[in-house]
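Undergrad: Sequence plus the predicted model coming up.
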Amino acid sequence: MINYLLICRSLTYAQRTAKALERAGIGAAVVRIPGSIRTEGCGYCVKIPENRLSETLVTLQKHDLSPSRIYMMYSDGRLWEVPM
């Protein structure tokens, strides 16, 4: 199974992002950024299912929310940054 991690600039921003996605019917969870990609502090991201990325990006654009980075997370824990 593959998920996407939407990297957010703060916990509050991650919570707003997850709330907007939940209102749009997209399952989202606020989680800590994995240590291997954490660049500063104890950042947070929003985890979404693989098949909802396009819909997620459209929804976030409507709410003037945008992730700073996006990673694809494979079931074995490998991470790959998605070009934006």
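TA: Nice, I can see it.
Undergrad: Tell me how many other residues crowd the closest residue to Met1 other than its chain neighbours.
TA: Distances taken as C-beta to C-beta, 6 or more residues apart in numbering put Ser75 closest to Met1, at 4.9 Å, once the chain neighbours are dropped. (Glycine included, C-beta is placed from N, CA and C.) Ser75 has 8 neighbouring residues, counting by other C-beta atoms under 10 Å.
Undergrad: residue with max distance from the center of the chain?
TA: Asp76 (17.9 Å; C-alpha atoms, centre = their mean).
Undergrad: hang on, the earlier thing: how much space between the residue nearest to Met1 and Arg9?
TA: Look at Ser75 and Arg9: by C-beta to C-beta, to the nearest Å, they are 27 Å apart.
Undergrad: now do Gly77
TA: Gly77 sits 24 Å away from Arg9, going by C-beta to C-beta.
Undergrad: go on, Arg16?
TA: The spacing between Arg16 and Arg9, counted by C-beta to C-beta, is 11 Å.
Undergrad: sorry, back to before: kindly indicate whether the residue nearest to Met1 is helix, strand or coil.
TA: Assigned with DSSP: H, G, I helix; E, B strand; the rest coil, Ser75 falls in the coil class.
Undergrad: quick one on the thing from earlier: tell me which of Gly77 and Arg9 has more neighbours.
TA: The neighbour comparison of Gly77 against Arg9 (other C-beta under 10 Å) goes to Arg9, with 12 against 8.
Undergrad: gap between the residue lying closest to Glu22 once chain neighbours are set aside and Asp76?
TA: In this structure, Glu22 finds its nearest non-sequential neighbour in Ala28, 5.9 Å apart by C-beta to C-beta, 6+ apart. Shown here: Ala28 relative to Asp76, a distance of 22 Å by C-beta to C-beta.
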